[in-house]
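Trainee: Whatever this is, show me its structure:
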Amino acid sequence: MKHWITICACSALLLQACGQNTEGAKTEPQKEERKIPELPAIKHTFKLTDYLTDNSDLEKDVDALFQTLDDTAIVAQLIMPAVGRLGNTQTSINSLIGRRVIGGVLMLNGTKTEFTSWITEFNKLNVANGNPGFLYSADAEPSLFNRKIGGSSIVKKANEIMSLAEVNQCADTIAATLKAIGINYNFAPVVDLAKNGTVGYRGFAKVEANNVPWSNAFIARMQEQGIIATAKHFPGHGLVSGDTHKSLQAIDGELKEVKTYPGLIEKGVLSIMIGHLAVVNNPKYNTNGLPATCSKVIITDLLRKELGFKGLVVTDAMNMGGVTAVKGNSVKAIEAGVDILLMPLDCMKSHGEILAKYRSDAAFKSIVDAAAKRVLRMKLCAGAIK
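Mentor: This is a model prediction of the structure:
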């Protein structure tokens, strides 16, 4: 049952004075009512560690919250644009919030002061529009942290870190900065092998034996402090030669880097980012020319079913060359099993395409509902919705 509060009353009719000649008097047209959902009171407090547990209180709160959302708001949970020098303007994000078509924002190249100010403003707008609180994300990898967030404390690049103690120290510094800003979702660490020039310097795999234990340490430190961590770029970007920012790259044959992920999933990583990587010459996991971000074989069959991952699945940026040529890529990615579309080229268009299919295709509706509930569950556990 949907609950609503009317926040914009109809225009009053022109008053007609007693005994006054009213011939020719006109009535002003009524203004369209604007309604916002009345979100339910959250009855319990949760932590990130609750996300992967069987928790009846959490299930009840997710269901209660989901039941108050209309179709527009349900689809919005799956869309995350960026704000900053490499993203949208604050004004553009304000507009998207007012239209109720997004569920989070990536902080992309700005300063601590800017990000803090924007998040404060976005939170106010969400309250005014009856939106569930946002997931606020950042590419706060050790190698990109200081470039992406101006004014942040200096940390070593991932490939310069020499010990587990330094991993922990770096993670603590990053987490403290993100918490102070209001960011609750970190798109880090990179767990790809180190051979690729685009991503290799961004992870801990300079010594391959360190990759999983050091990545797990970074993830644990981040999530202990309330920041969702993300292992990327599934199913593996380290052994391809090109750059998915520019064009679709292909993994030829065996998925050698997938072996990195079971140890991360077992230890509780809460998010995995999918790379724009096709798979060729692999009878079981061939993506038929599509990037993994749009492949059900990779996301639903391999990551979800075979590896048992239950957290959030987010795409790499959907404005990258590795996916922009795919017609209807937003719908295809959701059909494949993605929970969050990161940086669609046109959020309004993506929302509209997903919403149209949501309303006309029962099977697709079930996929979207499940994804939206996973996002809402994470928001509750991250304290984004209180």
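Trainee: Retrieve the pLDDT associated with Q30.
Mentor: Model confidence at Q30, given as pLDDT, is 42.
Trainee: How about I227?
Mentor: I227 is given a pLDDT of 99.
Trainee: ok, it touching L178?
Mentor: Yes - taking CB atoms under 8 Å as the definition, I227 is a contact partner of L178 at 5.4 Å. Any C-beta I mention is one placed from the backbone N, CA and C, and that applies to glycine too.
Trainee: who touches both of the two?
Mentor: 184, 186 (CB atoms under 8 Å, 6 or more residues apart in numbering).
Trainee: Leaving out chain neighbours, which residue sits closest to the residue nearest to the spatial centre of the chain?
Mentor: Taking CA atoms, centre = their mean as the criterion, I340 is the residue nearest the geometric centre of the chain, at 4.5 Å. Of all residues not flanking I340 in the chain, V314 sits nearest, at 4.2 Å (CB to CB, 6 or more residues apart in numbering).
Trainee: The one you found: what secondary structure?
Mentor: The three-state label given to V314 by DSSP: H, G, I helix; E, B strand; the rest coil is strand.
Trainee: and it, what are its bridge partners?
Mentor: M273, I340 (DSSP bridges).
Trainee: three-state assignment of K259?
Mentor: Counting by three-state DSSP, the backbone at K259 sits in helix.
Trainee: how much space between it and V212?
Mentor: 9 Å (CB to CB, to the nearest Å).
Trainee: list residues touching both of these two?
Mentor: By CB under 8 Å, 6+ apart, K259 and V212 have no common neighbours.
Trainee: Of these two, give the one with the bigger neighbour count.
Mentor: V212 (20 against 11; other CB atoms under 10 Å).
Trainee: so where's this protein shaky on pLDDT?
Mentor: 1-34 (pLDDT under 70).
Trainee: which residues in it form helices?
Mentor: 56-68, 71-76, 90-99, 112-129, 145-148, 164-181, 211-224, 261-266, 296, 329-336, 347-360, 362-382 (DSSP state H).
Trainee: N281 is in contact with T287, isn't it?
Mentor: No - the criterion here is CB under 8 Å, and N281 misses it with T287 at 11.2 Å.
Trainee: Of those two, which one has the most company?
Mentor: The neighbour comparison of N281 against T287 (other CB under 10 Å) goes to T287, with 23 against 10.
Trainee: Please state the backbone phi and psi of the more buried one?
Mentor: The phi and psi torsions at T287 (degrees, to the nearest 10) take the values phi -100, psi 10.
Trainee: quick thing: my sequence starts at 691, can you match it?
Mentor: OK, 691 is where the count begins now, so the last one is T977.
Trainee: residues touching it, list them.
Mentor: 968-970, 984-985, 987-988.
Trainee: Nearest to L755, out of those: which one, please.
Mentor: Of all the contacts of T977, L755 sits closest to C984, with 28.8 Å by CB to CB.
Trainee: Find the nearest non-adjacent residue to the closest one, please.
Mentor: C984 sits nearest to K1022 (CB to CB, 6+ apart), 4.0 Å away.
Trainee: so what's I792 up against?
Mentor: Counting by CB under 8 Å, 6+ apart, I792 touches 766, 769-771, 783, 786, 824, 1037, 1041.
Trainee: what about T801, how many residues close to it?
Mentor: Neighbour count of T801, defined by other CB under 10 Å: 16.
Trainee: That one contacts K838, doesn't it?
Mentor: No - in this structure, T801 is not within contact of K838 by CB under 8 Å, at 10.3 Å.
Trainee: quick revisit: just the closest of the contacts of I792 to R892, please.
Mentor: Among the contacts of I792, and counting by CB to CB, the member closest to R892 is M770, at 20.6 Å.
Trainee: ok, what's across the strand from the closest one?
Mentor: L1032.
Trainee: picking that back up, distance to L929 added to the helices of the chain, as TSV?
Mentor: Shown next, in TSV, are the helices of the chain (distance: least, CB to CB, whole Å):
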stretch	distance to L929
helix 746-758	38
helix 761-766	35
helix 780-789	36
helix 802-819	34
helix 835-838	25
helix 854-871	23
helix 901-914	13
helix 951-956	14
helix 986	23
helix 1019-1026	22
helix 1037-1050	31
helix 1052-1072	29
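Trainee: Figure out which of the ones you listed is closest to N886.
Mentor: helix 901-914 (13.4 Å).
Trainee: Can you tell me what sits against that closest one?
Mentor: So helix 901-914 is contacted by 738-739, 851, 854, 857-858, 860-862, 864-865, 876, 878-879, 881, 883, 893-895, 918-919, 921, 950, 953-954, 957-960 (CB under 8 Å, 6+ apart).
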